[in-house]
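[1] Just need the structure, nothing else, for what follows:
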Amino acid sequence: MSIRGKHIFVSGGAGVIGLEIVPRLIMRGAIVMVGDLKFRPNTFTSDVIYRQGDLNTMTSDELAQFQPEIFIHLAATFERSAESYEFWEENFWHNVRLSHYLMTLVKDFPSLRRVVFASSYLIYDPRLYQFNKAHTQIRSLKESDSILPRNLTGMAKLSHEIELRFINQFKSKQFTTICARIYRGYGCNSRDIISRWIRDLLQKKALTVYRPEGIFDYIYAGDSAEGLIRLAENNEVDGIINLGTGKSRQVQDVLNILKQHFPDIKINEVESEIPFEASQADMSHYLNQIGWLPSYTLETAIPKIIEFERKRIEESLYANPKIPIILVSSASRKIPLIQAMQRSARKVHPDAKVIAGDLSTIALSCHVADDFWCMPPTKEVYLAELIQGCKERGITTILPTRDGELLFWAKSSSVFAEAGIQVIVASEASLETCIDKLAFANFGKSHALPFIPTETNIESVTATAYVVKERFGSGSRSIGINLDRKAAQAYLQKLDQGIIQPYIEGIEISVDAWLNRNHKVKGVILRRRELVTNGESQVTTTFRDVNIEIMVIKVLETLKLSGPVVLQAIITKQNQLQIIECNARFGGASTTAIAAGLDSLYWSLLESLSVNVDDYPFTRISSEIKQVRIPSDLHFTA
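    Reported below is the predicted structural model:
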């Protein structure tokens, strides 16, 4: 089966084997989508579709847009030596759960034809190939040999092998599955012992060596990649298959080859209680079915890794941002926002933290955030104190959430940037236009945009009914709606700086959007405001209207906004868009848009880390989302 033109999804595609497999797939003419916790490798060409973040959070819609025909599952976590106590949870989340979850996503796609799972020889019973003393008789492990996973990683691999065998009973007419038990892998950008030794030698460190008599089947990542691709191309081979070289080597052989490249090598041989290994793959089944065997040897592969590690010292293959620590200012009761930011931040890095900041010590957000800061007021007089407080907490990024503080953060953003802290906020000029409702309406008029006319004098407004509200501040504060002329005049007198607009009947909507720093819209989500309390949607439902979306994009790009924004508008009975105002921040019900595919907080974080957000496409889900905001209880151990 040729893979030219085939849609191939590769999980863990930025890992050691993935860095080898993805370019080979592209060279063969495949259309490739990669998902990985790591940031996009610079070595990937622009035609690789990339999804960065924990794949446990991937949605069916993200993959449905791609329609994978082949799924190559590489994503896994492991510990090279003895597994630590902490690995218990990590193994479940990134091995057991992830494999089950991804297969749950893809198994019912009509497009799917082939699943290739990167399993491990750790599944085999270690009593077959591990011994109490050095062994010269090598055990060639066959696919039919007894199994008894020797650690949690092996257990996770076996668990998924059994899952695939189970699903094959029901889906064999739709797609086939193959589990490749890979042997002692090594390669560029790896944590394997060969790479670790090379890094030590380049730093002129002595090597610590255990059991140099040990014998392993070392397979180079390039060969593992080629072997997996050939299995993807042959959908008639299923079940279990070994993937090694079939030619084992001693640890001492590795040391001897390294000595040729590092003549001054120093070795500290340390006694250990770990067993002696003497294993290799029986590759007869693979050779009979596929007609290919790996070609790299330790002698040909090790120089490639040395060259890679030397280059790595000079330039990193990846952008390596600091672990994000995000401050959400004016956090107050914004629990859904805090939780959404936590999910977004942990897609960037699993150890990311979100700090809720507020003037009040009893802000409810303190109970859900990773930390809380009773911070100084966002005023210029407190600028030095705010910067110092951010530095003390290791804050890398700030998300302002209140209209009244946006201008402060915009004016101060360059000062925070000098301190290494990025503020997710639009420009000062754009904010001044949006915050002043009269200036906003005049901007729309001057650019021939469909903004609702706004005046300070009722004589300038021709209407049968009016809306009266404050020129500055929240649109829901001190607002009079559907007033007659006399009532509107009276209401206007009560306000500090009142403005008046014609009352327009129609459907009230919000538009969530995200723009990059160059003021280009990445995506928009329209939603109806079906139940509004204190200016926020308690019930809201997304919908599509291409003409409205086109107009919204024009409006937002003309305003030269950036980051997350929310437009408020009316759709008239004639299906005309009439824009009320724009909040240049994440909205109270904007989590609806995230659920619909507008990953605005995540994109903002990526951009704050200087990641090219163009590599992370907007994928709107095919269905619509109704969000109902209701109180929810939290319970803690007192």
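[2] any idea which element Asn547 lies in?
    helix 546-559 (DSSP states H and E).
[3] any idea which helix or strand comes after that helix?
    The helix or strand immediately downstream of helix 546-559 is strand 563-571, counting by DSSP H and E.
[4] pull the CA atoms of that next one into CSV?
    Only the C-alpha atoms of strand 563-571 are listed here, as CSV (Å, rounded to 0.1, in the frame of the first residue of the first chain):
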residue,chain,number,x,y,z
GLY,A,563,-5.3,38.8,21.8
PRO,A,564,-8.7,37.7,23.0
VAL,A,565,-11.6,40.0,22.3
VAL,A,566,-15.4,40.0,22.6
LEU,A,567,-17.8,42.0,20.4
GLN,A,568,-21.3,42.7,21.4
ALA,A,569,-23.8,43.2,18.6
ILE,A,570,-27.4,42.9,17.5
ILE,A,571,-28.7,41.0,14.5
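[5] can you list the residues that contact the helix holding Asn547?
    Here helix 546-559 makes contact (Cβ atoms under 8 Å, 6 or more residues apart in numbering) with 430, 433-434, 443-444, 447, 449-450, 511, 513, 515, 519-521, 524, 526, 565, 567, 571, 577, 579, 582. (C-beta placed from N, C-alpha, C; glycine too.)
[6] Now do the buried residues in that helix.
    Within helix 546-559, the residues that count as buried by 16 or more other Cβ atoms under 10 Å are Ile548, Glu549, Met551, Val552, Ile553, Val555, Leu556, Leu559.
[7] Put the alpha carbons of that helix into CSV.
    Once non-C-alpha atoms are left out, helix 546-559 reads as follows in CSV (Å, rounded to 0.1, in the frame of the first residue of the first chain):
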residue,chain,number,x,y,z
VAL,A,546,-20.4,33.3,7.1
ASN,A,547,-21.4,36.8,6.2
ILE,A,548,-21.4,38.0,9.8
GLU,A,549,-18.0,36.3,10.4
ILE,A,550,-16.5,38.1,7.4
MET,A,551,-17.8,41.5,8.7
VAL,A,552,-16.5,40.8,12.2
ILE,A,553,-13.0,40.0,10.9
LYS,A,554,-13.0,43.3,9.0
VAL,A,555,-14.1,45.2,12.1
LEU,A,556,-11.5,43.7,14.4
GLU,A,557,-8.6,44.0,12.0
THR,A,558,-9.6,47.6,11.3
LEU,A,559,-9.5,48.3,15.1
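[8] Off-centre distance for it?
    A distance of 27 Å separates the centroid of the chain from that of helix 546-559, by Cα atoms, centre = their mean, to the nearest Å.
[9] Who are the contact partners of Ser537?
    Ser510, Arg527, Arg529, Glu530, Leu531, Gly588, Ala589, Thr592, Gln627, Arg629.
[10] Could you tell me the per-residue confidence at the third one?
    According to the model's per-residue confidence, Arg529 sits at a pLDDT of 94.
[11] which of the residues in the host helix or strand of it are buried?
    Using DSSP H and E, Arg529 sits within strand 521-533. For strand 521-533, a neighbour-count test (16+ other Cβ under 10 Å) marks Val521, Lys522, Gly523, Val524, Ile525, Leu526, Arg527, Arg528, Arg529 as buried.
[12] hang on, the earlier thing: quick one: which two of the contacts of Ser537 are the most distant?
    Pairwise distances across these peak at 14.3 Å for Glu530 and Gly588 (criterion: Cβ to Cβ).
[13] which outside residues touch stretch 31-43?
    Stretch 31-43 has contacts (Cβ under 8 Å, 6+ apart) with 5-15, 18-19, 22-23, 25-26, 44, 47-55, 58, 63, 66, 68, 75, 317-319, 321, 350, 611-612, 615.
[14] Out of the residues you listed, which sit inside helices?
    With DSSP state H as the criterion, helices contain Gly18, Leu19, Val22, Pro23, Leu25, Ile26, Leu63, Phe66 from among the contacts of stretch 31-43.
[15] Can you tell me which of those residues are classed as buried?
    Using 16+ other Cβ under 10 Å as the threshold, Gly18, Leu19, Val22, Pro23, Leu25, Ile26, Leu63, Phe66 are the buried ones among these.
[16] Turn these into JSON lines, columns for distance to Gly357 and pLDDT.
    As requested, those are exported to JSON lines (distance: Cβ to Cβ, whole Å; pLDDT from 0 to 100):
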{"residue": "Gly18", "distance to Gly357": "38", "pLDDT": "97"}
{"residue": "Leu19", "distance to Gly357": "40", "pLDDT": "96"}
{"residue": "Val22", "distance to Gly357": "41", "pLDDT": "98"}
{"residue": "Pro23", "distance to Gly357": "44", "pLDDT": "97"}
{"residue": "Leu25", "distance to Gly357": "45", "pLDDT": "98"}
{"residue": "Ile26", "distance to Gly357": "45", "pLDDT": "97"}
{"residue": "Leu63", "distance to Gly357": "36", "pLDDT": "91"}
{"residue": "Phe66", "distance to Gly357": "38", "pLDDT": "93"}
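[17] Ser146: which of these is nearest?
    So of these, ranked by how close each gets to Ser146 (Cβ to Cβ), first place is Gly18, at 31.1 Å.
[18] Mind listing residues that contact stretch 465-479?
    By Cβ under 8 Å, 6+ apart, the surrounding residues in contact with stretch 465-479 are 403-404, 435-438, 456, 458, 480-485, 488, 491-492, 494-503, 532, 534-536, 568, 580-581.
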